[in-house]
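Enquirer: quick one: sequence plus predicted model below, questions after.
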Amino acid sequence: MIIGFSTSSAWSSVAAIDPEKGVLWHGSENAPQGASGACLRLLEGMARESGLQLKDAELFVADLGPGSFTGVRVGVTLAKTFGYLFRRQVAGATSFDLISSKQVVVLPSKKGEFFVRKPGIEPIRQVELPEGPFIGFGPGIENQVFPSAARFYDILGQLVAKSAMEFAPEYLIEPSISIPKKPFVLNSGGNG
């Protein structure tokens, strides 16, 4: 069994997948800025509703982004933590593939920009939505489709397992963090 997490968007999801039988259990919760709590509640729901247990997982997988900086790190941290705890390997997939690996996918980037990924081509950043059919989410997209942990089943053959120690998010651009205008200086003189 594989346990997957997708936390790169406002919708957090958890799935239990059997490579032979398909998706055994899937749950999602709209939890902007609350992915960790949502995933833990979903794991409790999985155990209660299906009887599936984390300790029975052979692999933990997570959404590597792009997406919410903190959200992506939540899913990766959960996979790493359970990988360490149960001595299992971990793997990941992009948010694009957890929407669709076979269609043009659009995701929000920085304000006023989108990531656009065509199948088999590296994603690009652009300010306008692409021409032609696409799926995804973000400003101006009518029928929004969010990444889902259940879609790990569709790309099982593409996953590359590794140790929890090696596992990390993938960033298409540098995280948007601000640098302090006045650097923090430790004053050893005792005045403040």
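Expert: Perfect, thanks for sending it.

Enquirer: measure the most centrally placed residue in the chain to residue 8 for me?
Expert: What sits nearest the mean C-alpha location of the chain, by C-alpha atoms, centre = their mean, is residue 63, with 2.6 Å. Distance of residue 63 to residue 8, given as C-beta to C-beta, to the nearest Å: 5 Å. Heads up, the C-betas are built off the backbone N, CA and C, glycines and all.

Enquirer: need the residues touching each of those two.
Expert: Shared contacts of residue 63 and residue 8 (C-beta atoms under 8 Å, 6 or more residues apart in numbering): 72, 75, 95, 98, 147.

Enquirer: let me see the domain layout of the protein.
Expert: Listed by automatic domain parsing, the domain ranges of the chain are 2-99+146-166, 100-145.

Enquirer: residue contacts, the residue nearest to residue 37 when sequence neighbours are not counted?
Expert: For residue 37, ignoring the flanking residues on the chain, the nearest one in space by C-beta to C-beta, 6 or more residues apart in numbering is residue 31 at 6.9 Å. For residue 31, the contact set (C-beta under 8 Å, 6+ apart) comprises 10-12, 37-38.

Enquirer: counting neighbours, what do you get for the residue lying closest to residue 81 once chain neighbours are set aside?
Expert: Nearest residue to residue 81 in three dimensions, chain neighbours excluded: residue 164, at 7.8 Å (C-beta to C-beta, 6+ apart). The local packing of residue 164 (other C-beta atoms under 10 Å) involves 19 other residues.

Enquirer: report the rounded mean pLDDT for the helix ranked longest in the chain.
Expert: Counting residues, the longest helix in the chain under DSSP state H turns out to be helix 69-86. What helix 69-86 shows for mean pLDDT is 95.

Enquirer: buried stuff in that helix?
Expert: Neighbour counts over helix 69-86 (16 or more other C-beta atoms under 10 Å) mark 71-80, 82-83 as buried.

Enquirer: just after that helix, pick out the following helix or strand.
Expert: Going down the chain from helix 69-86, the next helix or strand is strand 89-93, by DSSP states H and E.

Enquirer: distance to residue 173 for the domains of the chain - can I get that in a markdown table?
Expert: Shown next, in a markdown table, are these (distance: least, C-beta to C-beta, whole Å):
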| stretch | distance to residue 173 |
| --- | --- |
| domain 2-99+146-166 | 8 |
| domain 100-145 | 7 |
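
Enquirer: rank these by pLDDT, which is bottom?
Expert: Per-stretch mean pLDDT for these is lowest at domain 100-145 (a mean of 93).
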